[in-house]
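> missing the sequence, but the structure's below:
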(Lines give C-alpha, C1' and ligand atoms only; values in the text may rest on other atoms or scores of the structure.)
Protein backbone atom coordinates (compact mmCIF):
# COMPACT_ATOMS: atom_id res chain seq x y z
CA UNK A 1 0.00 0.00 0.00
CA UNK A 2 1.32 3.40 -0.93
CA UNK A 3 1.98 5.54 2.09
CA UNK A 4 1.06 9.19 2.10
CA UNK A 5 4.26 11.21 2.22
CA UNK A 6 5.47 11.90 5.75
CA UNK A 7 2.24 10.64 7.33
CA UNK A 8 2.83 6.88 7.74
CA UNK A 9 -0.81 6.19 6.92
CA UNK A 10 -1.87 4.93 3.50
CA UNK A 11 -4.53 6.56 1.35
CA UNK A 12 -6.80 3.58 1.97
CA UNK A 13 -6.26 3.63 5.73
CA UNK A 14 -6.77 7.39 5.97
CA UNK A 15 -10.18 7.24 4.31
CA UNK A 16 -11.29 3.88 5.72
CA UNK A 17 -14.56 5.38 6.96
CA UNK A 18 -15.39 6.56 3.43
CA UNK A 19 -14.71 3.11 1.96
CA UNK A 20 -16.88 1.47 4.60
CA UNK A 21 -19.76 3.85 3.80
CA UNK A 22 -19.37 3.13 0.05
CA UNK A 23 -19.28 -0.62 0.73
CA UNK A 24 -22.40 -0.24 2.84
CA UNK A 25 -24.24 1.49 0.00
CA UNK A 26 -23.03 -1.06 -2.58
CA UNK A 27 -23.87 -4.01 -0.34
CA UNK A 28 -27.34 -2.74 0.53
CA UNK A 29 -28.10 -2.09 -3.16
CA UNK A 30 -26.95 -5.61 -4.08
CA UNK A 31 -29.08 -7.12 -1.34
CA UNK A 32 -32.06 -5.06 -2.47
CA UNK A 33 -31.88 -5.41 -6.24
CA UNK A 34 -29.68 -8.50 -6.79
CA UNK A 35 -30.78 -10.81 -3.95
CA UNK A 36 -29.61 -13.85 -5.92
CA UNK A 37 -25.97 -12.97 -5.19
CA UNK A 38 -26.11 -13.17 -1.36
CA UNK A 39 -28.44 -16.17 -1.64
CA UNK A 40 -25.88 -17.98 -3.83
CA UNK A 41 -22.95 -17.11 -1.52
CA UNK A 42 -24.99 -18.21 1.49
CA UNK A 43 -25.01 -21.79 0.15
CA UNK A 44 -21.28 -22.20 0.80
CA UNK A 45 -21.21 -22.76 4.54
CA UNK A 46 -19.60 -25.30 6.85
CA UNK A 47 -20.18 -25.53 10.62
CA UNK A 48 -21.87 -22.07 10.55
CA UNK A 49 -18.78 -20.59 8.87
CA UNK A 50 -19.32 -18.85 5.52
CA UNK A 51 -16.58 -20.21 3.26
CA UNK A 52 -16.35 -17.14 0.92
CA UNK A 53 -16.12 -14.76 3.88
CA UNK A 54 -13.65 -17.03 5.68
CA UNK A 55 -11.34 -16.93 2.64
CA UNK A 56 -11.58 -13.14 2.42
CA UNK A 57 -10.89 -12.76 6.13
CA UNK A 58 -7.81 -14.97 5.83
CA UNK A 59 -6.63 -12.63 3.09
CA UNK A 60 -6.92 -9.79 5.63
CA UNK A 61 -5.47 -11.44 8.73
CA UNK A 62 -2.61 -13.51 7.29
CA UNK A 63 -0.61 -10.45 6.04
CA UNK A 64 -1.03 -8.86 9.48
CA UNK A 65 0.50 -11.89 11.14
CA UNK A 66 3.52 -11.63 8.82
CA UNK A 67 4.36 -8.32 10.51
CA UNK A 68 4.47 -9.79 14.01
CA UNK A 69 8.04 -10.60 15.03
CA UNK A 70 7.90 -13.14 17.84
CA UNK A 71 11.69 -13.02 18.11
CA UNK A 72 11.14 -9.64 19.73
CA UNK A 73 9.64 -11.32 22.80
CA UNK A 74 13.17 -11.96 24.08
CA UNK A 75 13.21 -8.18 24.79
CA UNK A 76 10.16 -8.46 27.03
CA UNK A 77 12.26 -7.75 30.13
CA UNK A 78 13.34 -4.32 28.91
CA UNK A 79 11.16 -1.62 30.47
CA UNK A 80 8.37 -4.06 31.43
CA UNK A 81 6.15 -1.31 32.88
CA UNK A 82 4.97 -0.37 29.38
CA UNK A 83 4.02 -3.98 28.70
CA UNK A 84 2.17 -4.24 32.03
CA UNK A 85 0.08 -1.22 31.03
CA UNK A 86 -0.72 -2.83 27.67
CA UNK A 87 -1.62 -6.22 29.16
CA UNK A 88 -3.71 -4.88 32.05
CA UNK A 89 -5.61 -2.42 29.87
CA UNK A 90 -6.27 -4.90 27.07
CA UNK A 91 -7.23 -7.94 29.07
CA UNK A 92 -8.36 -6.84 32.55
CA UNK A 93 -10.05 -3.51 31.79
CA UNK A 94 -11.02 -3.00 28.12
CA UNK A 95 -13.37 -6.01 27.62
CA UNK A 96 -15.25 -5.18 30.81
CA UNK A 97 -15.59 -1.41 30.23
CA UNK A 98 -16.84 -2.21 26.73
CA UNK A 99 -19.44 -4.56 28.19
CA UNK A 100 -20.50 -2.00 30.83
CA UNK A 101 -20.75 0.97 28.46
CA UNK A 102 -22.53 -1.02 25.72
CA UNK A 103 -24.98 -2.52 28.22
CA UNK A 104 -25.70 0.94 29.71
CA UNK A 105 -26.49 2.47 26.32
CA UNK A 106 -28.29 -0.45 24.65
CA UNK A 107 -30.40 -1.54 27.63
CA UNK A 108 -30.89 1.71 29.59
CA UNK A 109 -30.22 4.96 27.70
CA UNK A 110 -31.48 3.70 24.32
CA UNK A 111 -34.11 1.39 25.83
CA UNK A 112 -36.97 3.19 24.07
CA UNK A 113 -35.21 2.96 20.70
CA UNK A 114 -33.76 -0.57 20.67
CA UNK A 115 -35.87 -3.70 21.37
CA UNK A 116 -34.33 -5.99 24.04
CA UNK A 117 -33.52 -8.87 21.66
CA UNK A 118 -31.79 -6.50 19.26
CA UNK A 119 -29.93 -4.86 22.15
CA UNK A 120 -28.65 -8.28 23.20
CA UNK A 121 -27.18 -8.90 19.75
CA UNK A 122 -25.61 -5.44 19.57
CA UNK A 123 -24.09 -6.09 23.00
CA UNK A 124 -22.61 -9.35 21.67
CA UNK A 125 -20.96 -7.49 18.79
CA UNK A 126 -19.54 -4.90 21.20
CA UNK A 127 -18.16 -7.69 23.42
CA UNK A 128 -16.30 -9.18 20.45
CA UNK A 129 -14.77 -5.79 19.63
CA UNK A 130 -13.77 -5.20 23.25
CA UNK A 131 -12.00 -8.54 23.55
CA UNK A 132 -9.87 -8.07 20.44
CA UNK A 133 -7.02 -5.52 20.85
CA UNK A 134 -5.46 -4.04 17.73
CA UNK A 135 -2.84 -6.02 15.83
CA UNK A 136 -2.16 -4.26 12.52
CA UNK A 137 -3.26 -0.63 12.55
CA UNK A 138 -1.37 -0.06 15.81
CA UNK A 139 1.86 0.12 13.81
CA UNK A 140 0.34 3.08 11.96
CA UNK A 141 -0.80 4.77 15.19
CA UNK A 142 2.61 4.19 16.76
CA UNK A 143 4.33 5.74 13.75
CA UNK A 144 2.02 8.77 13.76
CA UNK A 145 2.83 9.46 17.43
CA UNK A 146 6.59 8.87 17.00
CA UNK A 147 6.28 5.72 19.09
CA UNK A 148 9.17 3.39 19.82
CA UNK A 149 8.84 0.99 16.84
CA UNK A 150 10.85 -1.85 18.41
CA UNK A 151 8.86 -1.63 21.63
CA UNK A 152 5.55 -1.57 19.73
CA UNK A 153 6.52 -4.83 18.03
CA UNK A 154 7.01 -6.46 21.46
CA UNK A 155 3.67 -5.08 22.68
CA UNK A 156 1.85 -6.49 19.63
CA UNK A 157 3.66 -9.86 19.71
CA UNK A 158 2.84 -10.49 23.38
CA UNK A 159 -0.76 -9.44 22.84
CA UNK A 160 -1.15 -11.87 19.96
CA UNK A 161 0.06 -14.70 22.17
CA UNK A 162 -2.36 -13.68 24.93
CA UNK A 163 -5.24 -13.65 22.40
CA UNK A 164 -4.70 -17.38 21.94
CA UNK A 165 -5.59 -18.15 25.55
CA UNK A 166 -7.65 -15.16 26.75
CA UNK A 167 -10.01 -14.27 23.90
CA UNK A 168 -12.29 -17.32 24.09
CA UNK A 169 -12.88 -17.40 27.89
CA UNK A 170 -13.40 -13.61 28.12
CA UNK A 171 -15.88 -13.59 25.23
CA UNK A 172 -17.69 -16.65 26.58
CA UNK A 173 -17.90 -15.14 30.09
CA UNK A 174 -19.22 -11.76 28.95
CA UNK A 175 -21.69 -13.29 26.48
CA UNK A 176 -22.96 -15.45 29.33
CA UNK A 177 -23.34 -12.40 31.63
CA UNK A 178 -25.17 -10.61 28.82
CA UNK A 179 -27.64 -13.49 28.51
CA UNK A 180 -26.37 -14.65 25.12
CA UNK A 181 -26.17 -18.42 24.67
CA UNK A 182 -22.62 -19.58 23.95
CA UNK A 183 -22.00 -22.02 21.10
CA UNK A 184 -18.63 -23.15 22.48
CA UNK A 185 -17.74 -25.34 19.51
CA UNK A 186 -18.28 -22.49 17.03
CA UNK A 187 -16.44 -20.02 19.26
CA UNK A 188 -13.39 -22.28 19.56
CA UNK A 189 -13.52 -23.11 15.84
CA UNK A 190 -13.56 -19.36 15.06
CA UNK A 191 -10.44 -18.73 17.14
CA UNK A 192 -8.66 -21.65 15.45
CA UNK A 193 -9.69 -20.46 11.97
CA UNK A 194 -9.07 -16.74 12.38
CA UNK A 195 -6.24 -16.57 14.95
CA UNK A 196 -4.33 -19.85 15.24
CA UNK A 197 -4.09 -20.78 11.55
CA UNK A 198 -3.14 -17.29 10.26
CA UNK A 199 -0.73 -16.86 13.18
CA UNK A 200 1.05 -20.16 12.53
CA UNK A 201 1.05 -19.49 8.79
CA UNK A 202 2.51 -16.04 9.37
CA UNK A 203 5.27 -17.34 11.66
CA UNK A 204 6.26 -20.13 9.25
CA UNK A 205 6.28 -17.78 6.25
CA UNK A 206 8.17 -15.05 8.10
CA UNK A 207 10.88 -17.44 9.28
CA UNK A 208 11.21 -19.07 5.85
CA UNK A 209 11.45 -15.79 3.92
CA UNK A 210 13.84 -14.26 6.46
CA UNK A 211 16.18 -17.26 6.28
CA UNK A 212 16.10 -17.36 2.49
CA UNK A 213 16.13 -13.66 1.55
CA UNK A 214 16.85 -11.70 4.75
CA UNK A 215 14.82 -9.46 7.04
CA UNK A 216 15.15 -6.39 4.83
CA UNK A 217 13.58 -8.23 1.87
CA UNK A 218 10.75 -9.47 4.09
CA UNK A 219 9.91 -6.01 5.46
CA UNK A 220 10.50 -3.88 2.37
CA UNK A 221 9.48 -6.16 -0.49
CA UNK A 222 7.62 -9.29 0.58
CA UNK A 223 5.08 -7.91 3.08
CA UNK A 224 4.17 -4.82 0.96
CA UNK A 225 3.06 -7.22 -1.81
CA UNK A 226 0.08 -8.12 0.37
CA UNK A 227 -1.07 -4.52 0.83
CA UNK A 228 -3.59 -4.60 -2.02
CA UNK A 229 -4.67 -8.13 -1.11
CA UNK A 230 -5.59 -6.97 2.39
CA UNK A 231 -7.46 -3.98 0.98
CA UNK A 232 -9.44 -6.04 -1.53
CA UNK A 233 -10.20 -8.68 1.10
CA UNK A 234 -11.59 -6.09 3.52
CA UNK A 235 -13.69 -4.25 0.93
CA UNK A 236 -15.17 -7.42 -0.58
CA UNK A 237 -15.94 -8.76 2.88
CA UNK A 238 -17.77 -5.55 3.77
CA UNK A 239 -19.78 -5.55 0.51
CA UNK A 240 -20.83 -9.18 1.05
CA UNK A 241 -21.74 -8.60 4.70
CA UNK A 242 -23.73 -5.47 3.88
CA UNK A 243 -25.54 -7.34 1.07
CA UNK A 244 -26.74 -9.78 3.76
CA UNK A 245 -27.46 -6.87 6.14
CA UNK A 246 -29.55 -4.79 3.73
CA UNK A 247 -32.90 -5.44 5.42
CA UNK A 248 -31.46 -4.89 8.92
CA UNK A 249 -29.92 -1.53 7.94
CA UNK A 250 -32.94 -0.29 5.99
CA UNK A 251 -35.24 -1.27 8.87
CA UNK A 252 -33.04 0.46 11.48
CA UNK A 253 -30.85 3.16 9.85
CA UNK A 254 -30.73 5.14 13.11
CA UNK A 255 -29.19 2.13 14.82
CA UNK A 256 -25.87 2.70 13.07
CA UNK A 257 -25.53 5.92 15.09
CA UNK A 258 -26.88 4.33 18.28
CA UNK A 259 -24.25 1.57 18.04
CA UNK A 260 -21.46 4.02 17.22
CA UNK A 261 -21.99 6.22 20.30
CA UNK A 262 -20.95 3.70 23.01
CA UNK A 263 -18.14 2.37 20.80
CA UNK A 264 -16.67 5.89 20.46
CA UNK A 265 -17.01 6.61 24.18
CA UNK A 266 -15.27 3.31 24.98
CA UNK A 267 -12.39 4.17 22.62
CA UNK A 268 -11.74 7.51 24.33
CA UNK A 269 -12.13 6.01 27.82
CA UNK A 270 -9.66 3.19 27.25
CA UNK A 271 -7.15 5.54 25.65
CA UNK A 272 -7.19 7.94 28.59
CA UNK A 273 -7.02 5.16 31.20
CA UNK A 274 -3.88 3.82 29.53
CA UNK A 275 -2.46 7.28 28.86
CA UNK A 276 -2.85 8.54 32.44
CA UNK A 277 -1.62 5.20 33.83
CA UNK A 278 1.51 5.56 31.70
CA UNK A 279 2.00 9.10 32.96
CA UNK A 280 1.61 7.94 36.58
CA UNK A 281 4.28 5.29 35.94
CA UNK A 282 6.53 7.94 34.32
CA UNK A 283 6.82 6.06 31.05
CA UNK A 284 8.36 7.93 28.12
CA UNK A 285 5.92 9.26 25.53
CA UNK A 286 7.17 6.94 22.78
CA UNK A 287 5.98 3.97 24.88
CA UNK A 288 2.92 5.58 26.51
CA UNK A 289 1.35 6.62 23.19
CA UNK A 290 1.41 3.21 21.43
CA UNK A 291 0.45 1.46 24.69
CA UNK A 292 -2.67 3.62 24.80
CA UNK A 293 -3.38 3.19 21.09
CA UNK A 294 -3.32 -0.62 21.22
CA UNK A 295 -6.04 -0.69 23.86
CA UNK A 296 -8.16 1.98 22.23
CA UNK A 297 -8.02 0.42 18.78
CA UNK A 298 -9.64 -2.92 17.90
CA UNK A 299 -8.70 -6.03 15.94
CA UNK A 300 -11.95 -5.49 14.05
CA UNK A 301 -11.17 -8.12 11.41
CA UNK A 302 -11.22 -10.82 14.11
CA UNK A 303 -14.35 -9.38 15.72
CA UNK A 304 -16.21 -9.34 12.38
CA UNK A 305 -15.10 -12.88 11.55
CA UNK A 306 -16.15 -14.34 14.91
CA UNK A 307 -19.47 -12.44 14.87
CA UNK A 308 -20.31 -13.93 11.48
CA UNK A 309 -19.37 -17.44 12.64
CA UNK A 310 -21.30 -17.21 15.91
CA UNK A 311 -24.37 -15.29 14.81
CA UNK A 312 -24.45 -15.29 11.00
CA UNK A 313 -23.90 -12.76 8.24
CA UNK A 314 -27.37 -11.26 8.66
CA UNK A 315 -27.08 -10.88 12.40
CA UNK A 316 -27.26 -7.57 14.28
CA UNK A 317 -24.12 -8.70 16.14
CA UNK A 318 -22.17 -8.70 12.88
CA UNK A 319 -23.58 -5.24 12.11
CA UNK A 320 -22.31 -3.95 15.47
CA UNK A 321 -18.78 -5.14 14.72
CA UNK A 322 -18.89 -3.45 11.31
CA UNK A 323 -19.88 -0.15 12.93
CA UNK A 324 -16.60 -0.57 14.83
CA UNK A 325 -14.79 -0.51 11.47
CA UNK A 326 -16.78 2.58 10.50
CA UNK A 327 -15.70 4.61 13.54
CA UNK A 328 -12.15 3.29 13.93
CA UNK A 329 -10.03 5.65 11.82
CA UNK A 330 -11.59 9.07 12.50
CA UNK A 331 -11.61 8.45 16.25
CA UNK A 332 -8.05 7.10 16.31
CA UNK A 333 -6.79 10.08 14.29
CA UNK A 334 -8.31 12.36 16.96
CA UNK A 335 -6.44 10.42 19.63
CA UNK A 336 -3.21 10.68 17.62
CA UNK A 337 -3.65 14.46 17.64
CA UNK A 338 -4.28 14.48 21.40
CA UNK A 339 -1.20 12.31 22.02
CA UNK A 340 1.02 14.53 19.87
CA UNK A 341 -0.26 17.71 21.54
CA UNK A 342 0.42 16.41 25.04
CA UNK A 343 3.99 15.16 24.66
CA UNK A 344 5.13 17.71 27.24
CA UNK A 345 3.20 15.78 29.90
CA UNK A 346 5.80 13.03 29.64
CA UNK A 347 8.96 15.09 30.07
CA UNK A 348 10.30 14.07 33.43
CA UNK A 349 13.16 15.72 35.26
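That came through, no problem. All of these numbers come straight from a predicted model, not from anything done at the bench. Numbers count the residues shown, from 1 in each chain.
> The longest helix along the chain: which residues count as buried?
In the chain, ranked by residue count with DSSP state H as the criterion, the top helix is helix 149-177. Residues 151-160, 163, 166-168, 170-175 are the ones in helix 149-177 that count as buried (16 or more other Cβ atoms under 10 Å). Heads up, the C-betas are built off the backbone N, CA and C, glycines and all.
> Same check on stretch 24-42?
Per 16+ other Cβ under 10 Å, stretch 24-42 contains these buried residues: 24, 27, 28, 30, 31, 38, 41, 42.
> could those residues go into JSON lines alongside pLDDT?
JSON lines is the format used below for the buried residues of stretch 24-42 (pLDDT from 0 to 100):
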{"residue": "24", "pLDDT": "80"}
{"residue": "27", "pLDDT": "85"}
{"residue": "28", "pLDDT": "85"}
{"residue": "30", "pLDDT": "88"}
{"residue": "31", "pLDDT": "82"}
{"residue": "38", "pLDDT": "79"}
{"residue": "41", "pLDDT": "80"}
{"residue": "42", "pLDDT": "76"}
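> Could you list every helix and strand in contact with the longest helix of the chain?
Counting contacts by 3 or more Cβ pairs under 8 Å, 6 or more residues apart in numbering; DSSP states H and E, helix 149-177 packs against helix 80-88, helix 94-103, helix 116-130, helix 137-144, helix 184-191, helix 285-296, helix 300-311.
> Give the residue spans of the stretch 51-200 of the chain that score low on pLDDT.
Scanning the stretch 51-200 of the chain for pLDDT under 70 picks out 73, 75-77, 136.
> how about a cut-off of 90?
51-83, 132-165, 168, 178-200 (pLDDT under 90).
> With distance to residue 279 and mean neighbour count as extra columns, can I get the helices and strands packed on helix 149-177 in JSON lines?
Output for the helices and strands packed on helix 149-177, formatted as JSON lines (distance: least, Cβ to Cβ, whole Å; neighbours: other Cβ atoms under 10 Å):
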{"stretch": "helix 80-88", "distance to residue 279": "10", "mean neighbour count": "19"}
{"stretch": "helix 94-103", "distance to residue 279": "18", "mean neighbour count": "22"}
{"stretch": "helix 116-130", "distance to residue 279": "24", "mean neighbour count": "24"}
{"stretch": "helix 137-144", "distance to residue 279": "18", "mean neighbour count": "23"}
{"stretch": "helix 184-191", "distance to residue 279": "34", "mean neighbour count": "16"}
{"stretch": "helix 285-296", "distance to residue 279": "7", "mean neighbour count": "28"}
{"stretch": "helix 300-311", "distance to residue 279": "28", "mean neighbour count": "27"}
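> Out of the ones you listed, flag the one nearest residue 254.
Residue 254 sits nearest to helix 116-130 of all the helices and strands packed on helix 149-177, at 11.9 Å, using Cβ to Cβ.
> Tell me what angle the closest one forms with helix 300-311.
For helix 116-130 against helix 300-311, the angle by axes from the mean of the first three to the mean of the last three Cα atoms, to 10 degrees is 140 degrees.
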